[in-house]
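Peer 1: Provided below are the primary sequence and the corresponding predicted coordinates.
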Amino acid sequence: MARAGVYRTDIEKARRALLAKGKHPSIDLVRAELGNTGSRSTIHRYLKEIEAEQPAATGAKPAISDALQDLVARLAEQLHQEAEARITEHREASDARVRERSEAANAAHQEAATLRDSLQRTEATLAAERTAHQDAADQLQKARVQLAQLEERVAGQEQRSREQEAHLRSLEDKHQHARDALDHFRAQAQEQRAREQRQHEQALQALQVELRQAADQVTAKNAELLRLNRDNGRLLEQTTHQQKALTEAEREVRKAREELESLRPLPAQVTSLEQRTAKAITDAEVLQSHLDQARSQLEQTRRELRDSELERERTQARFEGMQAAWAQRDATLTPATEPVERTGKRRVRPPAAEEATQDLPLK
């Protein structure tokens, strides 16, 4: 179809103008006269109609150059159609490849965004696990410190208990020595009274003297016994006090043992915390491996995206090279008339297939 504004009258005017200039009204010259508007097929059709009417009006036979022009025009139309078909085929194939590359690039961009979101979530989970691991480690350290303090307290209580027991044994030894001395003194006093009684039976006068001496000795012994009794009472008080202290120490030991019993679950809790910590470390390592895999997949996707972009650029460059080649061939293969024989006749050089594609829009 002719472009808007190109009619048969315009083609007739252009043909008459070329004839007035002494030029043959070929398709390209008519089109150039029209300002490079209109398709060659429409100009050829109108020229054929005009030339068909011209011989009928004049009754003359068409010139041989017109017959050649008609043949050339038909050949040019056929070449134009074939070239347009081939260009359309190449354009569709190139557009399909470009669409395929664009879809692949969009899919790669979406996958990269998905991997980026997954990476962010993984990093957030890893940070939370690290925080939980740090908290568990802090709790474990506090539990260990508390356990060490309690062990020190238990050790101190056991040391004080051993000291109290040693002191109590020392007091019992002293009390036993005092009882032994008292028993020995009583045995000696009984022996002394027996001897005095026998002496009294033998000699009353001597006994009286001895009785007075014995009375004095008894008085002294009584005073000593009283002193020993006081010492014994004081020792009994000290023993009672020590017994109370021992009871208090035993109560503290029992309390410490109860505290120790209450602290016995702490090693199990520490073990549980260590297991949780080990599990958290294992989970963190698994998350780190997932993170490395996600990063490697992201890097591979980026490489594929760069490869697809490079392939797209190469395809675009080849397509632009084809456009430049077609434009160059259109520019170099412009039809022109040239002398061919010495007789003065002129022939028209047939346009190439590329000339038929001069006005096709290439993208």
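Peer 2: Looks like it came in fine.
Peer 1: tell me where the stretch 101-250 of the chain has strands.
Peer 2: Taking DSSP state E, counting those that start in this stretch to define them, one finds no strands in the stretch 101-250 of the chain.
Peer 1: any low-confidence regions in it?
Peer 2: Low-confidence regions of the stretch 101-250 of the chain, defined by pLDDT under 70, span residues 204, 207, 214, 218.
Peer 1: ranges for the helices of it?
Peer 2: Counting by DSSP state H, counting those that start in this stretch, the segments of the stretch 101-250 of the chain that form helices are 204-263.
Peer 1: contacts for stretch 279-286, please.
Peer 2: When contacts are defined by Cβ atoms under 8 Å, 6 or more residues apart in numbering, stretch 279-286 is touched by residues 126, 129-130, 132-133, 136. Glycine gets a C-beta too; all of them are placed from N, C-alpha and C.
Peer 1: again with stretch 99-111
Peer 2: With Cβ under 8 Å, 6+ apart as the test, stretch 99-111 has contacts from 301, 304-305, 308-309, 311-312, 315.
Peer 1: now do stretch 233-248
Peer 2: Residues beyond stretch 233-248 that count as contacts (Cβ under 8 Å, 6+ apart) turn out to be 164-165, 167-168, 171-172, 174-175, 178.
Peer 1: now it, how far from the chain's geometric center?
Peer 2: A distance of 72 Å separates the C-alpha centroid of stretch 233-248 from that of its chain, computed with Cα atoms, centre = their mean, to the nearest Å.
Peer 1: buried stuff in it?
Peer 2: Judged by neighbour count (16 or more other Cβ atoms under 10 Å), stretch 233-248 contains these buried residues: 235, 239, 242, 246.
Peer 1: alpha carbons of it, as PDB, please.
Peer 2: In PDB, the C-alpha atoms belonging to stretch 233-248 read as follows (Å, rounded to 0.1, in the frame of the first residue of the first chain):
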ATOM      1  CA  GLY A 233      32.300 -28.600 137.100                       C
ATOM      2  CA  ARG A 234      34.100 -26.100 135.000                       C
ATOM      3  CA  LEU A 235      35.200 -28.900 132.600                       C
ATOM      4  CA  LEU A 236      31.600 -30.100 132.600                       C
ATOM      5  CA  GLU A 237      30.400 -26.600 131.700                       C
ATOM      6  CA  GLN A 238      33.000 -26.400 129.000                       C
ATOM      7  CA  THR A 239      32.000 -29.800 127.800                       C
ATOM      8  CA  THR A 240      28.300 -28.700 127.700                       C
ATOM      9  CA  HIS A 241      29.300 -25.600 125.900                       C
ATOM     10  CA  GLN A 242      31.400 -27.700 123.500                       C
ATOM     11  CA  GLN A 243      28.400 -30.100 123.100                       C
ATOM     12  CA  LYS A 244      26.200 -27.200 122.200                       C
ATOM     13  CA  ALA A 245      28.800 -25.800 119.800                       C
ATOM     14  CA  LEU A 246      29.200 -29.300 118.400                       C
ATOM     15  CA  THR A 247      25.400 -29.600 118.000                       C
ATOM     16  CA  GLU A 248      25.300 -26.200 116.300                       C
END
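Peer 1: from A331, how far out is A223?
Peer 2: For A223, the distance to A331 (Cβ to Cβ, to the nearest Å) stands at 154 Å.
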